[in-house]
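In: I'd like to go over a predicted model; first the sequence, then the structure.
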Amino acid sequence: MNVAISGANEVSQAVAKIIEDAYNPWLEQTFNKVPLNVVAYASRGINRFSIGDKAFLSLEQFAALYHKKVIQKIIFPREIFFETQKWTLTELRKAGIDMSAVVMAARLSENIFIPKFLELYPSVRYLPHIEFRIAEQCNLNCKMCTEYCALVREPKFYPLEKFTRDFERLHEFIDDFGAIRILGGEPLLNPEIGEFVKVCRRLYPVTPLHVVTNAILLPKMPEEFFDTVRECNAIIWISFYPPMESKMPAIRKMLTEKQVNHFIGNKIETFFWRQTLKRNNNPERAFKYCGFSNCHNLCDGKIAACFLPFVTKYFNAYYGKNLPEDGALDLYDPNLTTEKLKAHLLKPIERCNYCTEEIHRKWETVSHPSPISDWVHD
């Protein structure tokens, strides 16, 4: 069987070497099976020719060879940046690649269990991304916010006890993520944020852990918060909005002096609309082409492919509309399995009928009352 490795860096090459040096001999000795033949590395935007005897392929080239049955599988190292994993999976779906052709490699370590080194994506106890909002409201109130935070008019927090129970339940089905993202709204508004960080790290000791913030409240956070971030090896992930431009150098200096891991994104100049009130009657296409369809969300004992099943209620309440609020899977279903959970996250929902192509607009904040044109195409 010919396979490609996603990515083209040191991690991808290490996975290829483990397959050739350890996994293939195990296959042959244990099951007398034909070894995997790693023929290429596949990545977005690749323009180099080869590494050793293995070709570089764009995702389009990989898809063409997959459909010709020249290459049968693509293998994802877990250490690939979570955003790259998400967008690559989206591109593969758009290209008609069945998810049963996607294989996840185990995390690289000194104690790799070779029989479980490679597992098919639909059944492996892994997701590239999980996120949850510990505060629904925000202190910035962006127009076109995809999660409608500016329409949340009263403070609303994910109760720590409820979150802990829900995340422990999810852990029964998923052992690892490409990244865990603690979001809002603005998560620093939640006074128990440090406890959320601790719960995440207790359940998932090696998974990359991000606290995603607009940084407005960072200078006012107690030292205990920064101690927790350091001790839990978490990352302060800053979404850089225009009002913070003059303050960002001081924030960067503060985080560096506190020896806190941090990442500051590029300044956000535009936002985009995807929402429409006109039903498109093609949820499969909307889902296939949507980058958010891999932004898996945990909320109130349920999980969904994206955040819209959990936040559409704010739009509906504010404007008196009835967009679908469906699409979340009950984690406490007694018949739930990892396979059922993964299958649910790979299917479109009714809400997908009200997502359309992206239209970008200059970043702005809302004023209340906010006209519906702040949020939808129509």
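Out: Received the coordinates, thanks.

In: Am I right that Arg285 is in a helix?
Out: Yes - per DSSP: H, G, I helix; E, B strand; the rest coil, Arg285 lies within a helix segment.

In: Show the pLDDT at it.
Out: Here the pLDDT value assigned to Arg285 is 90.

In: quick one: low-confidence parts of the protein?
Out: For the chain, the stretches flagged by pLDDT under 70 are 46-50.

In: cutoff 80 now
Out: When residues are selected by pLDDT under 80, those of the chain lie in 45-52, 273, 378.

In: Could you name the helices and strands sitting against the longest strand along the chain?
Out: Criterion DSSP state E: the longest strand present in the chain is strand 355-362. With contacts taken as 3 or more CB pairs under 8 Å, 6 or more residues apart in numbering; DSSP states H and E, strand 355-362 sits against strand 270-275. Placement of C-beta: from N, CA and C, glycine included.

In: residues touching the nearest residue to Lys362 once chain neighbours are set aside, list them.
Out: Leaving aside its chain neighbours, Lys362 sits nearest to Thr270 (5.9 Å; criterion: CB to CB, 6 or more residues apart in numbering). Contacts for Thr270 (CB atoms under 8 Å, 6 or more residues apart in numbering) come out as His360, Arg361, Lys362, Trp363.

In: Specify which member of those residues is nearest to Leu329.
Out: When these are compared for distance to Leu329 (CB to CB), His360 wins out at 31.5 Å.

In: Report the contact partners of that closest one.
Out: Neighbour list for His360: Thr270, Phe271, Phe272 [criterion: CB under 8 Å, 6+ apart].

In: Over to Met1?
Out: Met1 sits in contact with Val34, Leu36, Asn37, Gln72, Lys73, where contact means CB under 8 Å, 6+ apart.

In: Quick check: phi and psi at the residue nearest to the third one when sequence neighbours are not counted.
Out: Among residues not flanking Asn37 along the chain, Asn2 sits closest, at 4.9 Å (CB to CB, 6+ apart). Listed backbone geometry of Asn2 is phi -90, psi 130, with angles given as degrees, to the nearest 10.

In: Settle this for me: Asn2 is touching Ile71, isn't it.
Out: Yes - Asn2 is in contact with Ile71 according to CB atoms under 8 Å; the separation is 4.7 Å.

In: Those two: which is more packed in?
Out: Ile71 (23 against 15; other CB atoms under 10 Å).

In: State the distance from that one to Val311.
Out: To Val311, Ile71 is 39 Å away according to CB to CB, to the nearest Å.
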